[in-house]
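Colleague: Any chance you could fold what I've pasted below:
(one chain, ligands or ions: 1)
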Amino acid sequence: RIFDNADKASCQVALEIAELIREKQSKGENCVLGLATGSTPVNVYKELVRLHKEDGLSFKNVITFNLDEYFPIEPKELQSYVRFMHEYLFDHIDIPSDQINIPDGTLAKEEVYDFCQAYEEKIETSGGLDLQILGIGRTGHIGFNEPGSGEVSETRLITLDHMTVMDAASDFFGEENVPTKAITMGVGTIMKADRIILMAWGEGKAGIIKKALEGPVSDQIPATYLQKHPNAEFILDEGSSAEL
Ligand code: GLP
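Modeller: Numbers count the residues shown, from 1 in each chain. Got it, this is the predicted structure:
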């Protein structure tokens, strides 16, 4: 779906998330959301906060699983996705803190494998992801599933692609400060979601969006796997859809 601009598109995505939360509430069920970071979803979160404050949208039945986190990183650090999520969403809504799940960047390396297995299990026992929100990196990554990520890959520690490190360099005040690794949900974890919405804004994403939507499905562009998902949508603006 192509919108005139990213603001309109973000409001629409927020509205659809709110509808899903309310539908689940009316059935007395939890709503399990997979959440993304980066600049792309910021206005979706702002609109969800507005719907909470002005429209009474409650998040008491919402369970969240974030896609990824740098490794290692402390939650208090500026670039931490824990900090990002609290700043843009969690600190402003009524979600119970024990229903928030974000990969832990503070683990010892030998604890990571068990943590990742437990993360997968927790998604399953929560009922599976009802909706996964995604952005896309210039390498075609979803979460931090860089080129080479397999279709059934699970939550794991990965090494960041050089292009991803360069893209994060300004956030970390220099390439040398960017962590070389991250914990990310796998492609397989994402593909198990009932519904997926990938968002992309601006001309800078036009090239990778064309490849992701129109190119052959390949582990070299992990976002192409979404072509095989029965209920995945790309929500784009004029800029990101310019090459389609
Ligand atoms: C990071 C995140 C991705 C995100 C990507 C794009 O790599 N791990 O989940 O999609 O950045 O970032 P932005 O939305 O700022 O373009």
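
Colleague: Quickly note the distance from the spatially most central residue of the chain to the ligand.
Modeller: To find the centre residue of the chain, average its C-alpha atoms and take the closest one (Cα atoms, centre = their mean): that gives A36, at 2.2 Å. Between A36 and the ligand the distance, using Cβ to the nearest ligand atom, to the nearest Å, works out to 5 Å. For the C-beta atoms, the positions are set from N, CA and C on the backbone; glycine is no exception.

Colleague: Could I get the contacting residues of that residue?
Modeller: Contact partners of A36, counting by Cβ atoms under 8 Å, 6 or more residues apart in numbering, are 66-67, 133-135, 143.

Colleague: List the buried residues in the strand or helix carrying L48.
Modeller: In this structure, L48 is located in helix 42-55 according to DSSP states H and E. Buried residues in helix 42-55, defined by neighbour count with 16 or more other Cβ atoms under 10 Å: 42-49, 51-52.

Colleague: Now D171. Nearest residue, chain neighbours left out?
Modeller: Across the structure, with Cβ to Cβ, 6 or more residues apart in numbering as the measure, the residue nearest D171 apart from its sequence neighbours is Q79 (5.0 Å).

Colleague: thinking the one you found is in contact with I73, fair?
Modeller: Yes: the pair Q79 and I73 qualifies as a contact (Cβ atoms under 8 Å) at a distance of 6.8 Å.

Colleague: just to revisit the earlier point, what's the following helix or strand after the helix holding L48?
Modeller: Where DSSP H and E defines the elements, the next helix or strand beyond helix 42-55 is strand 62-66.

Colleague: Would you agree T184 is in contact with L160?
Modeller: No: using Cβ under 8 Å, T184 makes no contact with L160, being 9.6 Å away.

Colleague: hey, what's in contact with both of the two?
Modeller: Both T184 and L160 are contacted by F144, under the criterion Cβ under 8 Å, 6+ apart.

Colleague: Do any residues in the longest helix along the chain lie close to the ligand?
Modeller: Scanning the chain for the helix with the most residues, using DSSP state H, yields helix 6-26. No: taking Cβ under 6 Å from any ligand atom as the criterion, helix 6-26 and the ligand are apart, separated by no less than 10.7 Å.

Colleague: Show me what counts as buried in that helix.
Modeller: Neighbour-count burial for helix 6-26, counted by 16+ other Cβ under 10 Å, picks out 6, 9-14, 16-18, 20-21, 24-25.

Colleague: just to revisit the earlier point, now narrow the contacts of A36 to whatever sits close to the ligand.
Modeller: When Cβ under 6 Å from any ligand atom is taken as the criterion, the members of those that contact the ligand are 67, 135, 143.

Colleague: Against N177, how distant is the second one?
Modeller: The one in question is G135. G135 sits at a distance of 22 Å from N177 (criterion: Cβ to Cβ, to the nearest Å).

Colleague: Name the residue in these two with the higher neighbour count.
Modeller: More crowded of G135 and N177, by other Cβ atoms under 10 Å: G135, with 20 against 12.

Colleague: Just list the residues touching that one, thanks.
Modeller: Taking Cβ under 8 Å, 6+ apart as the criterion, G135 is in contact with 36-41, 142, 198-200.

Colleague: Among these, which ones are in helices?
Modeller: Using DSSP H, the subset of these located in helices is empty.

Colleague: Now a ChimeraX select for only the buried ones of those residues.
Modeller: Restricted to buried positions by 16+ other Cβ under 10 Å, the ChimeraX selection for the contacts of G135 reads:
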select :36,37,38,40,41,142,198,199,200
